[in-house]
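K.L.:
Fold the following and give me the result.
(one chain, ligands or ions: 2)
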Amino acid sequence: MTVTGSKSETNRLLLLQALFPELEIDNISNSDDAQVMQQGLASDGALVDIHHAGTAMRFLTAYFASRAGREVVLTGSERMRQRPLEILVDALKDLGAEITYEGKKGCPPLRIKGQHLKGPRVTMPASVSSQYISALILIGPSLPEGLELTLEGNITSMPYIHMTLGLLKRLGIQNSFTGNQISIAPAQSISGERQITVESDWSSASYYYSIVALSEPGTRITLRFYREDSLQGDSALVDLFKPLGVHTSFEADRITLSKGDEPLPPKIKHNLIQTPDLAQTLVACCFGLGIGCDLTGLHTLKIKETDRLQALYNEITKLGGSIRVTDRSLYLKPEHQMLSDKRIATYNDHRMAMAFAPLAMVAPLSFEDAGVVSKSYPDFWKDLEVLGFTSEEVSE
Ligand SMILES: O=C(O)C1=C[C@@H](OP(=O)(O)O)[C@@H](O)[C@H](O)C1
Ligand SMILES: C=C(OP(=O)(O)O)C(=O)O
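P.N.:
Numbering: from 1, shown residues only. Ligands and ions are numbered 1, 2, ... in the order given. Predicted structure coming up:
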């Protein structure tokens with residue numbers, strides 16, 4: 001099975017390619033989020049709509065703010081117009097950006113009048129979204145003196161910041177991250193790798209980890225193109241799924257997941273502040289296995305494609321589970337029976353569909369708006385069919 005390229009790596013590299021056109025990118029993600037990023041960067045119109053793509057919204061805000069002479073209104077879906085980005089806008093304004101809110105203060109749509117941004121010094125709260133930080137880092141090399149960024153508070157989703165810095169490093173752009181200080185050197189061109197191959201998406205791989213966890217001992221699935229030295233924090237799957245009986249072996253450019261026959265623990269307990277996108281997969285998988293799940297570090301879930309804590313509460317309850325959520329944690333009680341023939345609501349959230357899909361191995365299920373998966377993994381349902389899942393379209 002070949003999983004599409006990482007949307008996070010793709011959208012970073014696309015922005016870097018706009019700054020350094022000599023960059024070549026292979027294995028670009030075929031996701032909607034990567035497509036709207038490409039279209040946004042290529043557009044010379046006055047309105048750019050990035051639909052549901054959080055990274056495209058945040059990265060393009062920084063990009064357009066730094067394009068002197070260009071004026072654009074940057075907008076997104078109804079949900080995107082509720083997702084906050086004032087922290088990023090304020091930091092860009094401190095660097096000399098001219099940005100106004102066309103609707104609700106603190107949210108898209110934004111009117112951006114591109115400027116020659118100054119810098120290098122700026123301070124920014126780090127506990128709400130790492131995407132604001134990555135957005136500044138990505139335009140850092142284009143500032144005349146580079147960027148000296150001070151982060152305030154607890155840093156959330158840290159591996160995504162390391163991914164951004166790691167990609168800059170591969171292009172030969174000097175940077176450092178020590179304590180709460182990030183430095184990016186200015187650069188006019190690439191002195192490192194000019195051709196980068198995007199690794200396949202680890203967040204998408206999580207659904208296969210869940211499928212293997214729910215399978216008989218001895219089951220194996222091989223996925224391409226993955227690396228042991230991944231830049232993606234969601235490669236933490238390798239450790240997170242070990243207690244659920246899934247073992248990973250790396251060989252050349254592929255991973256093989258295999259199911260062991262060791263007994264399951266009564267529950268698992270994790271702080272997911274570094275890997276928020278894995279929360280839904282883990283909760284649904286534990287539910288399917290009949291074990292408990294105690295998760296913390298989930299405060300960013302409320303401002304993603306939907307309020308994911310509420311969505312998990314609704315759908316697990318619908319399937320007969322017993323679950324408690326706060327605004328930053330979740331507890332799933334062990335030992336439950338899954339109710340059959342329920343219809344899973346997806347809330348415009350690709351991960352609600354993909355995380356719950358493996359539960360069809362336990363009892364038949366249907367999904368509202370199954371096409372929602374295209375945000376990150378358009379071939380998801382087709383690939384499940386290759387594994388032997390059967391599905392049929394039913395009218396709503
Ligand atoms: O930078 C990125 O590519 C991402 C960062 C994370 O967001 P937050 O930093 O907002 O948690 C993650 O949830 C999102 O899917 C992708
Ligand atoms: C949160 C996600 O995406 P974004 O914030 O980029 O919309 C995601 O893909 O799970």
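
K.L.:
Nearest residue to residue 116 in space, ignoring adjacent ones along the chain?
P.N.:
Nearest non-adjacent residue to residue 116, counting by C-beta to C-beta, 6 or more residues apart in numbering: residue 68, 4.8 Å away. Where you see a C-beta, it was placed from the backbone N, CA and C, and this is true even at glycine.

K.L.:
what's the neighbour count on that neighbour?
P.N.:
10 (other C-beta atoms under 10 Å).

K.L.:
And the strands in the stretch 151-300 of the chain?
P.N.:
Secondary structure of the stretch 151-300 of the chain (DSSP state E, counting those that start in this stretch): strands at 175-178, 181-184, 195-197, 220-224, 246-251, 254-259, 267-271, 292-296.

K.L.:
Present those as TSV; the columns should include mean pLDDT, distance to ligand 2 and mean neighbour count.
P.N.:
What follows is the strands of the stretch 151-300 of the chain, written out as TSV (pLDDT from 0 to 100; distance: least, C-beta to the nearest ligand atom, whole Å; neighbours: other C-beta atoms under 10 Å):
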stretch	mean pLDDT	distance to ligand 2	mean neighbour count
strand 175-178	98	21	14
strand 181-184	98	20	20
strand 195-197	98	20	16
strand 220-224	98	18	16
strand 246-251	98	21	16
strand 254-259	98	21	19
strand 267-271	98	17	16
strand 292-296	98	15	19
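
K.L.:
So for residue 357, which of those sits nearest?
P.N.:
Of all these, strand 220-224 sits nearest to residue 357, with 14.1 Å by C-beta to C-beta.

K.L.:
Which elements pack onto that closest one?
P.N.:
Identification of packing neighbours for strand 220-224 by 3 or more C-beta pairs under 8 Å, 6 or more residues apart in numbering; DSSP states H and E yields helix 202-213, strand 254-259.

K.L.:
Now do the same contact list for whichever residue of the stretch 251-396 of the chain sits closest to ligand 1.
P.N.:
Closest to ligand 1 within the stretch 251-396 of the chain is residue 300: 4.2 Å, counting by C-beta to the nearest ligand atom. Contact analysis of residue 300 by C-beta atoms under 8 Å, 6 or more residues apart in numbering lists 128-129, 156-157, 276.

K.L.:
which of these come close to ligand 1?
P.N.:
Among the contacts of residue 300, proximity to ligand 1 is found for 129, 156-157, 276 (C-beta under 6 Å from any ligand atom).

K.L.:
Those residues in helices, which ones?
P.N.:
Residues of those located in helices (DSSP state H): none.

K.L.:
roughly how far apart are residue 94 and ligand 1?
P.N.:
With distances taken as C-beta to the nearest ligand atom, to the nearest Å, residue 94 is found 20 Å from ligand 1.

K.L.:
so where does residue 38 fall, helix or strand?
P.N.:
Here residue 38, judged by DSSP states H and E, is contained in helix 32-42.

K.L.:
Distance of the residue of the stretch 251-396 of the chain closest to ligand 1 relative to residue 56?
P.N.:
As judged by C-beta to C-beta, to the nearest Å, residue 300 and residue 56 stand 18 Å apart.

K.L.:
how does the chain divide up, domain by domain?
P.N.:
7-189, 202-386 (automatic domain parsing).

K.L.:
Out of the ones you listed, which gets nearest to residue 393?
P.N.:
Among the domains of the chain, domain 202-386 sits nearest to residue 393 (C-beta to C-beta), with 7.9 Å.

K.L.:
Any idea how far apart the tips of that closest one sit?
P.N.:
19 Å (C-alpha to C-alpha, to the nearest Å).

K.L.:
quick check, distance from that domain to the centre of its chain.
P.N.:
14 Å (C-alpha atoms, centre = their mean, to the nearest Å).

K.L.:
Also stretch 117-128?
P.N.:
Taking C-alpha atoms, centre = their mean, one finds the center of stretch 117-128 at 22 Å from the center of the full chain.
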